[in-house]
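J.: Quick one, fold the following:
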Amino acid sequence: MLLLRGLLDRLLLACAVVAGGLVPGFIVQYRQRLGGRLDQARLDLAPWQKLADQYYHGDLGKLIQYHLDSNDPKFHAEGAVIRSLVATVHQLQSAVDALQGNLFQQIGYLAGHADAGLARATFGDWVPTFSLSGEGILFALLFAIGIWLLFHTLWWLLARGGRRLGDRPRGPESRMGPDAVRAKRAMGPRGV
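T.: You can find the predicted model right below:
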């Protein structure tokens, strides 16, 4: 059993180091895809911004309000689309800004705010890359140590639980009644 645990231990540690080293590369590719979406949203908004520049001194909010106040349903719908584009640009810009920190801040942000569709698309086209930056190596080592400690904790809990289930004595005492076992223990090692 000790040999199996040692083998699993080393294999898990090596896999965890590699997996931890791949995380920064995934984040870079996620950030690139996010930046592409932001660029596209800005391109989609650009014609509306030109209209706002031309008629409302650059105030896109006034252009949107003018559209929304219209009695023409098609014109009113355009206002909703423009407002949605503005909101999308702001949301994407906030996400891009949040991913400009260090690796640990980026991981923290993605853990709580990652766009599931964008993450799936990134993972679908993901080219695994191992980060050799100082932060990337540090993260890989910390990740591996965390997984390794979790493995040892689970192994210890399972071994401890297995001992509780199998606490019955094995050998000659297991065939003796409880009174005989107590009497034998009271007599000590020479009492047999």
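
J.: Not counting its own residues, what contacts the helix or strand hosting residue 61?
T.: Using DSSP states H and E, residue 61 maps to helix 60-68. Residues from elsewhere that reach helix 60-68 (Cβ atoms under 8 Å, 6 or more residues apart in numbering): 48-49, 51-52, 55-56, 75-76, 78-80, 82-83, 86. Any C-beta I mention is one placed from the backbone N, CA and C, and that applies to glycine too.

J.: for it, what is the average pLDDT?
T.: The average pLDDT within helix 60-68 is 92.

J.: Quick one: mean pLDDT over the lengthiest helix in the chain.
T.: Looking across the chain with DSSP state H, the single longest helix is helix 2-55. Averaged across helix 2-55, pLDDT comes to 91.

J.: again, but for stretch 145-157
T.: 88.

J.: Give me the buried positions along that stretch.
T.: Neighbour-count burial for stretch 145-157 flags 147, 148, 151 (criterion: 16 or more other Cβ atoms under 10 Å).

J.: what sits against the closest residue in space to residue 59 that isn't next to it in sequence?
T.: Nearest residue to residue 59 in three dimensions, chain neighbours excluded: residue 52, at 5.9 Å (Cβ to Cβ, 6 or more residues apart in numbering). Contacts for residue 52 (Cβ under 8 Å, 6+ apart) come out as 58, 59, 60, 62, 63.

J.: ok, and the most crowded of these?
T.: Within those, residue 63 tops the neighbour count with 23 neighbours, counted by other Cβ atoms under 10 Å.

J.: How much space separates it from residue 132?
T.: Going from residue 63 to residue 132 by Cβ to Cβ, to the nearest Å gives 48 Å.

J.: was I right about residue 85 contacting residue 46?
T.: No. Between residue 85 and residue 46 there is no contact, the gap being 9.8 Å when judged by Cβ atoms under 8 Å.

J.: Pick out whichever of these two has more residues nearby.
T.: More crowded of residue 85 and residue 46, by other Cβ under 10 Å: residue 85, with 19 against 10.

J.: what's the burial count for residue 39?
T.: 11.

J.: now swap in residue 82 and tell me
T.: By other Cβ under 10 Å, 23 other residues sit near residue 82.

J.: For the helix or strand it falls within, give the mean pLDDT please.
T.: With secondary structure defined by DSSP H and E, residue 82 is part of helix 73-98. Taken as a whole, helix 73-98 has a mean pLDDT of 93.

J.: After that helix, which helix or strand is next? Please name it.
T.: Next in sequence after helix 73-98, counting helices and strands by DSSP H and E, comes helix 103-113.

J.: How much space separates the closest residue to residue 26 other than its chain neighbours from residue 135?
T.: Of all residues not flanking residue 26 in the chain, residue 126 sits nearest, at 6.0 Å (Cβ to Cβ, 6+ apart). Taking Cβ to Cβ as the measure, residue 126 falls 19 Å from residue 135.

J.: how much space between residue 55 and residue 66?
T.: Going from residue 55 to residue 66 by Cβ to Cβ gives 8 Å.
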